[in-house]
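**Q** missing the sequence, but the structure's below:
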């Protein structure tokens, strides 16, 4: 991999939001890079709190595609990546760029024409060192959310209010910025230690169907490396509400992941309870990488009542708990970047899936489906976000666990009749389960 020489930043816009500065990217030789910030481990919780609060300001409009707010969030994160000392992570039209823009369908006009909105993934690279520099570790988190609740809100009566998305996923986004600072600091402190190149990437369009991560993996020519060079991918989505345990999904896709995570947690002075789950959900960006043969692991602190509502606000987060999570994830990231052994991909068994994110149990029975992913088996079957799933075949569904058990006992490709409650009416749908 060639050494990367980043363009310098041009401050296209500076907006004062407390201590917030937002910057656009350019390549003018007359501009200067923002000062590189050091990583201060004792300040992680406070910095996490500050970044999350910034991403949840009203001006960010809930960071949905098609809003000015997500553009402001993009510029803010580009500035933070540059401030951490990262180089641009993409090559677009032959030029280095911190952003990778694509078009996302967000609705239809009165004539039925598709409305597309430009939206951008963000990427920053920390170049590797020595014999490992040609290999790559990716760590990512989606920075978009559901805006004013027009899609995916679990509080339909409050559509039109800003859904700030503090846990989902300002928490993972803040964690990514903090870990970029930590790893840049590690690189300065260990200049001669062999280390893989690290791509820090913030995905857009996750809430509307994993569009950002899928776009990256399907347009790998924008990366300054080959997809075969990727050693592993780490995903953080909703890491801000640590309670009894940290949930880790899809560790089984990498032969070394479970041992490395457990070892990092054991070595930590304040270990946390880690629950390795093999009944993997598909509702976040790691799955886009697993589909192309990259071992990917997903860190998550669990769903809660405020998920996808206007009440997912910064003051409800466990900032100290997030700092603990980031300590562990950072240790795993360093191990993945520096261990002589490349993570070995393990093809996961084909699991049946619907393409939904379950919500809470519904009053009177059934399970609220908080989100139906685009181009999924559920979407093809006609299921909609907000439907209450009553039955899966002959099985009554009253909790996320009921649905997990039903899927586990099914097979990919199987047709199942679903009974859902929609607007007070029972509707039968036939779904052909997908496999992944």
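**A** The structure has been received and is ready for your questions. Model, not experiment: these values are computed from the prediction.
**Q** quick one, helices of the protein?
**A** In the chain, the helices defined using DSSP state H lie at 44-55, 68-84, 172-189, 211-218, 257-267, 286-290, 319-338, 377-381, 400-408.
**Q** Pairing partners for the strand ranked longest in the chain, with directions?
**A** When secondary structure is assigned using DSSP state E, the longest strand within the chain turns out to be strand 114-126. Based on DSSP bridges, the pairing partners of strand 114-126 within the sheet are strand 87-88 (antiparallel), strand 99-108 (antiparallel), strand 197-203 (antiparallel).
**Q** out of those, nearest to residue 185?
**A** Closest of the strands paired with strand 114-126 to residue 185 is strand 197-203, at 12.8 Å (criterion: Cβ to Cβ). Bear in mind the C-beta positions are built from the backbone N, C-alpha and C, glycine included.
**Q** Helix 172-189 and that closest one, what's the angle between them?
**A** Strand 197-203 runs at 160 degrees relative to helix 172-189, counting by axes from the mean of the first three to the mean of the last three Cα atoms, to 10 degrees.
**Q** Buried ones in strand 197-203, by neighbour count?
**A** Taking 16 or more other Cβ atoms under 10 Å as the basis for neighbour counts, the residues of strand 197-203 that come out buried are 197-203.
**Q** Nearest to residue 317 among these?
**A** Distance to residue 317, by Cβ to Cβ, is smallest for residue 202 among the buried residues of strand 197-203, at 18.4 Å.
**Q** Pick the most deeply packed of the helices of the chain.
**A** Mean neighbour count (mean count of other Cβ atoms under 10 Å) peaks for helix 286-290 among those, with a mean of 26.
**Q** Which neighbouring elements make contact with it?
**A** Where contact means 3 or more Cβ pairs under 8 Å, 6 or more residues apart in numbering; DSSP states H and E, helix 286-290 is packed against helix 211-218, strand 230-236, strand 296-300.
**Q** before we move on, back to that, wait, which of the strands paired with strand 114-126 is closest to residue 34?
**A** Proximity of the strands paired with strand 114-126 to residue 34 was assessed by Cβ to Cβ; the nearest stretch is strand 87-88, lying at 13.4 Å.
**Q** Quick check, pLDDT for residue 8.
**A** pLDDT for residue 8: 32.
**Q** do the same with residue 19
**A** The pLDDT attached to residue 19 in the predicted structure is 35.
**Q** Check residue 421 too.
**A** 94.
**Q** burial of residue 59, as a residue count?
**A** Neighbour count for residue 59, taken as other Cβ atoms under 10 Å: 16.
**Q** got it, and residue 315?
**A** Around residue 315 there are 10 other residues, counting by other Cβ under 10 Å.
**Q** Let me see the contact set for it.
**A** By Cβ atoms under 8 Å, 6 or more residues apart in numbering, residue 315 lies in contact with nothing.
**Q** Distance-wise, check residue 377 relative to residue 82.
**A** When Cβ to Cβ, to the nearest Å is the yardstick, residue 377 and residue 82 sit 41 Å from each other.
**Q** brain fart, residue 352
**A** Using Cβ to Cβ, which is the criterion applied here, residue 352 is 43 Å from residue 82.
**Q** what does residue 98 give?
**A** Between residue 98 and residue 82 the distance is 7 Å, computed by Cβ to Cβ.
**Q** Any chance you could list residues touching both of the two?
**A** Residues touching both residue 98 and residue 82 by Cβ under 8 Å, 6+ apart: residue 124.
**Q** surely residue 370 meets residue 362?
**A** No - between residue 370 and residue 362 no contact is recorded; they are 11.1 Å apart, counting by Cβ atoms under 8 Å.
**Q** start to end distance for stretch 339-352?
**A** Counting by Cα to Cα, to the nearest Å, the length from the leading to the trailing residue of stretch 339-352 is 34 Å.
**Q** Quick one: mean pLDDT for stretch 104-117?
**A** Here stretch 104-117 scores 89 as its mean pLDDT.
**Q** Likewise for stretch 270-278?
**A** The pLDDT scores in stretch 270-278 average 87.
**Q** what's the answer for stretch 70-84, then?
**A** The average of the pLDDT scores along stretch 70-84 is 97.
**Q** Also stretch 371-379?
**A** On average, stretch 371-379 scores 89.
**Q** Now do that stretch: distance from first to last residue.
**A** Distance between the boundary residues of stretch 371-379 (Cα to Cα) amounts to 10 Å.
**Q** give me the beta-bridge partners of residue 202?
**A** Using DSSP bridges, the beta-bridge partners of residue 202 come out as residue 122, residue 141.
**Q** show me the contacts for it.
**A** For residue 202, the contacting residues are 77, 121-123, 140-143, 173, 176, taking Cβ under 8 Å, 6+ apart as the criterion.
**Q** And residue 103, by the same measure?
**A** Shown here is residue 103, whose contacts under the criterion Cβ under 8 Å, 6+ apart are 116-119.
**Q** ok, those vs residue 408, which is closest?
**A** For the contacts of residue 103, the nearest to residue 408 is residue 119 (34.8 Å; Cβ to Cβ).
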